[in-house]
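Colleague: mind looking at a prediction? Sequence and model below.
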Amino acid sequence: MRPFHRLRPARVPLRWKIAALAAATACLVAAAVGVLVHLWTAQDVRSRAEARAFNSLYSAMEVYRRTGTLADGAELDPAGLPAALRHPADGARHTAYDERVEGNVGPSVWAAQRVDGPGSRVLAFRVNMSPELHELQRLDVTMAVASLVALAAATPLAVYAAGLLGRRLRRVSETAGRISAGDLDARTGPTEGRDEVADIAATVDLMADTLSRRLRSERRFTADVAHELRTPVGGLLAAADLLPPGETEDLLRARVGDLRGLVEDLLEISRLDAGAEQPVRARVPLGAVVAEAVARTGLDTEITAVSDTQRAETAETAGTADASYAADAAETVETVETVETDPRRLDRIVGNLVVNAHRHGVAPVQVTVDGRTVVVRDHGPGFPAELLLHGPRRFHTGATARGSGHGLGLTIALGQARLLGAELRLGNAPDGGAVATLRLPG
């Protein structure tokens with residue numbers, strides 16, 4: 001039975017989050033390493049080209065001064081010489097980077113030096129960096145491919161490792177969910193590893209142990225108090241019978257009756273909490289059981305049973321009265337007449353819902369029996385939002401507008417419905433009023 005639930009957005013599994021984080025981290029590392037290697041290699045290529053041009057110019061200058069001839073690769077006042085090297089201020093050797101590309105030549109590094117004094121010609125030597133830069137491009141492609149291969153290999157490993165972590169966390173989550181659903185004996189047990197997940201699992205188990213002890217202690221206390229109160233309440237009822245008839249006797253009898261009802265409710269709740277109750281099932285007519293339960297409350301309540309004819313007319317109006325639906329409708333109508341359940345507990349559920357509707361709502365109170373479903377509705381302010389969100393709490397009636405009471409009626413109805421395997425949902429009608437829907441199992 002799930003009478004209350006919160007809508008949760010679609011969640012993304014933890015393993016995919018960790019895998020995405022690992023992939024993003026690997027991409028960032030690969031990109032950072034690739035950029036650093038590219039910059040360092042480009043700078044190294046340029047430095048080596050400058051050193052080669054410088055040394056080659058030195059050798060060419062020595063050859064020119066001794067023999068007056070140009071060494072291989074050396075030129076005098078070449079047309080493509082950068083402007084910064086055309087008029088060197090002194091006789092020292094200078095280098096400059098030329099980013100021009102002409103066919104397969106370029107970018108280049110030039111080295112230049114005056115041959116002899118001011119106004120003399122300039123001897124230059126050019127080093128083509130194109131082969132080295134081509135190798136640098138090949139290195140970039142190789143690093144990119146290697147990064148993709150490493151990423152493809154690392155991602156499945158990250159998914160697998162995250163899956164192991166996710167399974168451990170899911171086990172803890174399932175245990176916590178079972179505890180919140182009322183299974184106080186649920187435990188995670190020992191988990192693999194000595195990390196934060198193991199600490200969380202141990203904490204959840206410790207919390208469950210503590211909560212179980214406290215709840216069992218409270219249940220024993222409630223049962224003991226209710227049991228001990230039965231004797232003095234019975235004595236009060238006997239004493240009330242000895243009073244002379246009158247207003248005092250009626251008032252005292254009414255208050256003692258309320259006290260006796262409260263004691264019986266506490267005993268019933270304690271038995272439901274302790275799991276000491278077992279349903280005694282029998283096949284009974286649902287409509288008759290509901291009618292008897294409503295009559296037993298002594299409250300003015302409208303009862304409506306959806307008949308076979310009404311259901312067939314509704315199906316025909318909706319355009320769905322085909323052969324298959326007719327067979328299903330016949331089977332449904334048959335189940336409307338009799339259901340297999342515990343009639344005493346069903347009587348208790350319906351009676352509590354009707355009394356709650358009259359006590360906290362506004363007339364008219366309507367009870368509708370349709371198939372295996374029983375709907376109890378009033379026309380009052382409706383259930384408080386807190387009750388719809390968190391469920392009924394004992395000795396808590398919600399908003400003042402919903403009247404007075406001990407707040408045990410809905411708690412007992414939910415407990416009995418859970419015991420029958422039925423589903424009890426609480427809600428509010430769009431046009432106002434509280435709606436309690438009981439669906440019996442098939």
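Modeller: Here it is on my side, so go on. Quick caveat, the model's predicted, so the values are computed rather than measured.

Colleague: so, low pLDDT: which residues of the stretch 51-200 of the chain?
Modeller: Residue ranges of the stretch 51-200 of the chain with pLDDT under 70: 88-91, 117-119, 191-193.

Colleague: the strands in it, which residues?
Modeller: Along the stretch 51-200 of the chain, the stretches classed as strands by DSSP state E, counting those that start in this stretch are 74-76, 94-98, 108-114, 122-128.

Colleague: would you tell me which of those gets closest to Leu286?
Modeller: With C-beta to C-beta, the closest approach to Leu286 among these belongs to strand 94-98: 94.9 Å. For the C-beta atoms, the positions are set from N, CA and C on the backbone; glycine is no exception.

Colleague: can you give me the angle that closest one makes with strand 108-114?
Modeller: 150 degrees (axes from the mean of the first three to the mean of the last three C-alpha atoms, to 10 degrees).

Colleague: got the contact list for strand 94-98?
Modeller: With contacts defined as C-beta atoms under 8 Å, 6 or more residues apart in numbering, strand 94-98 is touched by 46, 50, 53-54, 80, 82, 84-85, 88, 106-113, 126.

Colleague: partner strands of it and their direction?
Modeller: Its sheet considered, strand 94-98 pairs with strand 108-114 (antiparallel) by DSSP bridges.

Colleague: what is the end-to-end distance of stretch 430-442?
Modeller: Chord length of stretch 430-442, first to last residue, is 29 Å (C-alpha to C-alpha, to the nearest Å).

Colleague: can you check the pLDDT for Ala293?
Modeller: Note on Ala293: pLDDT of 91.

Colleague: likewise for Ala202?
Modeller: 84.

Colleague: which SSE is it in?
Modeller: helix 196-242 (DSSP states H and E).

Colleague: who are the packing partners of that helix?
Modeller: Packing contacts for helix 196-242, counted by 3 or more C-beta pairs under 8 Å, 6 or more residues apart in numbering; DSSP states H and E, involve helix 130-180, helix 247-274.

Colleague: so how many other residues sit close to Asn352?
Modeller: Residues lying near Asn352 (other C-beta atoms under 10 Å) number 23.

Colleague: quick check: it vs Ala436, distance?
Modeller: Plainly put, Asn352 is 9 Å away from Ala436 if you go by C-beta to C-beta, to the nearest Å.

Colleague: are we agreed that Val294 is in a helix?
Modeller: Yes. Under DSSP: H, G, I helix; E, B strand; the rest coil, Val294 falls within a helix.

Colleague: next secondary structure element downstream of the host helix or strand of Thr411?
Modeller: Assigned by DSSP H and E, Thr411 belongs to helix 409-420. Note on helix 409-420: by DSSP H and E, the next helix or strand toward the C-terminus is strand 423-428.

Colleague: can you list the domains in this protein?
Modeller: The chain resolves into domains spanning 15-149, 216-274, 282-439 when parsed by automatic domain parsing.

Colleague: in JSON lines: the ones you listed, plus distance to Ala201.
Modeller: Below are the domains of the chain laid out as JSON lines (distance: least, C-beta to C-beta, whole Å):
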{"stretch": "domain 15-149", "distance to Ala201": "18"}
{"stretch": "domain 216-274", "distance to Ala201": "22"}
{"stretch": "domain 282-439", "distance to Ala201": "27"}
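
Colleague: picking up where we left off before, list the residues that contact both of Asn352 and Ala436?
Modeller: Ala413.

Colleague: picking that back up, if I take the helix holding Ala202 and helix 130-180, what angle do their directions form?
Modeller: With the same axes, to 10 degrees applied, the angle from helix 196-242 to helix 130-180 works out at 20 degrees.

Colleague: Asp342 is in contact with Leu420, isn't it?
Modeller: Yes. Asp342 is within contact range of Leu420, at 6.1 Å (criterion: C-beta atoms under 8 Å).

Colleague: shared neighbours of those two, anything?
Modeller: With contacts taken as C-beta under 8 Å, 6+ apart, the residues that reach both Asp342 and Leu420 are Pro279.

Colleague: pLDDT of the helix holding Thr411, averaged?
Modeller: For helix 409-420, the per-residue pLDDT averages 83.

Colleague: how about that helix: buried residues?
Modeller: By 16 or more other C-beta atoms under 10 Å, the buried positions in helix 409-420 come out as 409-417, 419-420.

Colleague: now the angle from it to strand 423-428?
Modeller: Using the same axes, to 10 degrees: helix 409-420 against strand 423-428 is 150 degrees.

Colleague: so which elements touch helix 409-420?
Modeller: Helix 409-420 sits against helix 247-274, helix 343-360, strand 423-428, with contacts defined as 3+ C-beta pairs under 8 Å, 6+ apart.

Colleague: now render the ones you listed as a markdown table, adding mean pLDDT and distance to Pro384.
Modeller: Below are those laid out as a markdown table (pLDDT from 0 to 100; distance: least, C-beta to C-beta, whole Å):
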| stretch | mean pLDDT | distance to Pro384 |
| --- | --- | --- |
| helix 247-274 | 70 | 21 |
| helix 343-360 | 89 | 10 |
| strand 423-428 | 90 | 10 |
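
Colleague: take the ones you listed and write them to CSV, including distance to Val376.
Modeller: Supplementary listing: the helices and strands packed on helix 409-420 in CSV, determined by distance: least, C-beta to C-beta, whole Å:
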stretch, distance to Val376
helix 247-274, 19
helix 343-360, 4
strand 423-428, 10
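
Colleague: would you mind finding the most buried of these?
Modeller: helix 343-360 (a mean of 22; mean count of other C-beta atoms under 10 Å).

Colleague: need the residues that contact the following helix or strand past it.
Modeller: On the C-terminal side of helix 343-360, the closest following helix or strand by DSSP H and E is strand 366-370. By C-beta under 8 Å, 6+ apart, the residues outside strand 366-370 that reach it are 286-287, 290, 294, 301-306, 336, 350, 354, 374-378.
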